[in-house]
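K.L.:
I would like the atomic coordinates for the input below:
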Amino acid sequence: MLNASRKLPLRAFCLMTVLVIMMVFGAIPTLATGDLTITVIDVGQGDSTLIQSPSGRTLLFDGGKSGRGTSIIVPFLQSVGVDTLDYMVASHYHADHIGGLDEVFEQIPVREAVYDRGWDYHTATYNTYATTVASKRQTLLPGQEIDLGEGVLVTCLALNSNDQLSPPFDSSSYENEYDVCLLVQYGGFDYFQAGDLTGGNSSSTEDIESSVAPLTGDIDVYHVNHHGSYTSSNPTFLQEVQAEVAVISVGNNGYGHPHQDVLDRLVQYGSFVYQTEEGDGGTLSSQDLLVVDGHISIVTDGIANYSVNGQQWAIDEDNLSPAEDSPALAFRVLGNHPNPFNPATEIRFECTQAGSARLSIYNVLGRLVHTSDVSVNAGLNSVLWRGQDRTGNAAPGGVYLYRVETTEGSDSGRMLMLK
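P.N.:
Numbers count the residues shown, from 1 in each chain. Purely as a prediction, here's the structure:
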């Protein structure tokens, strides 16, 4: 059994208040009896990941290169009993991420939507993808949530450079910077994946990772950006995410993926590394890395443990909500609706007894935008925020963080106001 208690030896003690707020950014829904399964499908040098909720709802993130949809992904889906997908998501428009999505779409029906970052790209692979999925294609929004049921929530943390670059977002030079960033949550378990997202580390790429890091917070499993390229996984990002496990989707590539400096950084910041294949880059000792030579399967009950290809790890206790830390504590935030919203949204929560509650709204810089004190009843409660600041003026559109405090506990969440 692997050492599931590996931690970064030294944590930062002087984090800004905004980062603390952001790290507590999701209300944890009540868990069903069942497991969340995330499979990093071995498509060689590329990416494709299947997310299966205990509810049976599914999401496929990326589809590898052209040909891999038919030869690898569809047979795998069929082998695990998936004959219909609820959602597809494309991280970005490079061929090793979207090449097989049209093939999967033509063979496995998609019920709800095929999400991507919008805008356009100018390759034959992109044109085939866009034409094939047109009937289900929708553009994701930062902060948008995809509910897979039974407590599994997939949140788009950022896309199109997370405001680090200016539109139009159709420059081929920055395609990796435009990646969709997803956070998958089930109880206390958190998993992050963002295609080929860049962290700088070179003069030819922009650092988007550092702006995404505080939105991600402390996680359990990090699907390593850009197949372990030196352009990814910068120290700022790794220190924030504190992942005990890192998984790398890689194959024969000619790029030197995964690069040795990235592997060394992952170990430095406390991660054990799993790879789908060996790749053409660096390596680590068996104490720090396992080459699976196949699919990587992550299974969790969302409560205490998760396994990676059968090896057990403990869910990071920092991810647990107050309700999970203390079974007797029944207060819980149920999220806000609608989300995204314009101009108003209701923040919903449950209490076991009547009393009072305080709602605080912060912008992404950690500045207090609005606060209100309300009386609450035992049971379901809600507080309406009309999108106004403390002076009664309309607040600008964007991502906001909210915190509900009661005598029974406190919890936080994120929401997106459209303008």
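
K.L.:
now the end-to-end length of stretch 91-102.
P.N.:
14 Å (C-alpha to C-alpha, to the nearest Å).

K.L.:
report the buried residues of that stretch.
P.N.:
The neighbour-count check on stretch 91-102 (16 or more other C-beta atoms under 10 Å) flags 91, 92, 93, 94, 95, 96, 97, 98, 99, 100, 101, 102 as buried. Where C-beta positions appear, they are placed from N, C-alpha and C, glycine not excepted.

K.L.:
same check on stretch 394-406?
P.N.:
Neighbour-count burial for stretch 394-406, with 16+ other C-beta under 10 Å as criterion, is recorded at 395, 399, 400, 401, 402, 403, 404, 405, 406.

K.L.:
just those: which are in strands?
P.N.:
Among the buried residues of stretch 394-406, the ones falling in strands (DSSP state E) are 399, 400, 401, 402, 403, 404, 405, 406.

K.L.:
could you pull out the strands for the stretch 301-419 of the chain?
P.N.:
Here the stretch 301-419 of the chain has its strands, by DSSP state E, counting those that start in this stretch, at 305-308, 311-314, 332-337, 345-351, 355-363, 368-376, 379-385, 398-406, 409-417.

K.L.:
so what touches the fourth one?
P.N.:
Applying C-beta atoms under 8 Å, 6 or more residues apart in numbering, the set of residues contacting strand 345-351 from outside is 27, 330-339, 357, 359, 376-385, 387, 402, 404, 406, 408, 411, 413, 415, 417.

K.L.:
PyMOL command to pick out the buried ones of these?
P.N.:
Here is the PyMOL selection string for the buried members of those, based on 16+ other C-beta under 10 Å:
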select buried, resi 27+331+332+333+334+335+336+339+357+359+376+381+383+385+387+402+404+406+408+411+413+415+417
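
K.L.:
tell me the bridge partners for residue 61.
P.N.:
residue 49, residue 89 (DSSP bridges).

K.L.:
helices and strands around whatever helix or strand residue 246 lives in, which ones?
P.N.:
Using DSSP states H and E, residue 246 falls within strand 245-248. On a contact count with 3 or more C-beta pairs under 8 Å, 6 or more residues apart in numbering; DSSP states H and E, strand 245-248 meets strand 221-223, strand 272-275, strand 296-300.

K.L.:
what do you get if the cut-off is 10 Å, keeping everything else the same?
P.N.:
Judged by 3 or more C-beta pairs under 10 Å, 6 or more residues apart in numbering; DSSP states H and E, the packing partners of strand 245-248 are strand 36-40, strand 189-193, strand 221-223, helix 260-268, strand 272-275, strand 289-291, strand 296-300, strand 305-308.

K.L.:
put the alpha carbons of the longest one into CSV.
P.N.:
Think helix 260-268. Output of helix 260-268 as CSV, limited to C-alpha atoms (Å, rounded to 0.1, in the frame of the first residue of the first chain):
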residue,chain,number,x,y,z
GLN,A,260,12.2,15.7,-15.6
ASP,A,261,11.9,19.1,-14.0
VAL,A,262,8.1,18.7,-13.8
LEU,A,263,8.4,15.2,-12.3
ASP,A,264,10.9,16.6,-9.7
ARG,A,265,8.5,19.4,-8.8
LEU,A,266,5.6,17.1,-8.3
VAL,A,267,7.6,15.1,-5.8
GLN,A,268,8.9,18.2,-4.2
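
K.L.:
what mean pLDDT does stretch 386-393 get?
P.N.:
The average pLDDT within stretch 386-393 is 91.

K.L.:
and that stretch, how far apart are its ends?
P.N.:
Start and end residues of stretch 386-393 are separated by 10 Å (C-alpha to C-alpha).

K.L.:
likewise for stretch 290-303?
P.N.:
From its first residue to its last, stretch 290-303 covers 25 Å (C-alpha to C-alpha).

K.L.:
kindly report the same for stretch 342-356.
P.N.:
With C-alpha to C-alpha as the measure, stretch 342-356 spans 27 Å from end to end.

K.L.:
same check on stretch 388-403?
P.N.:
Stretch 388-403: ends 16 Å apart by C-alpha to C-alpha.

K.L.:
one more: stretch 227-238?
P.N.:
End-to-end distance of stretch 227-238: 15 Å, with C-alpha to C-alpha as the criterion.

K.L.:
how does the chain divide up, domain by domain?
P.N.:
Following automatic domain parsing, the chain resolves into domains at 28-317, 322-417.
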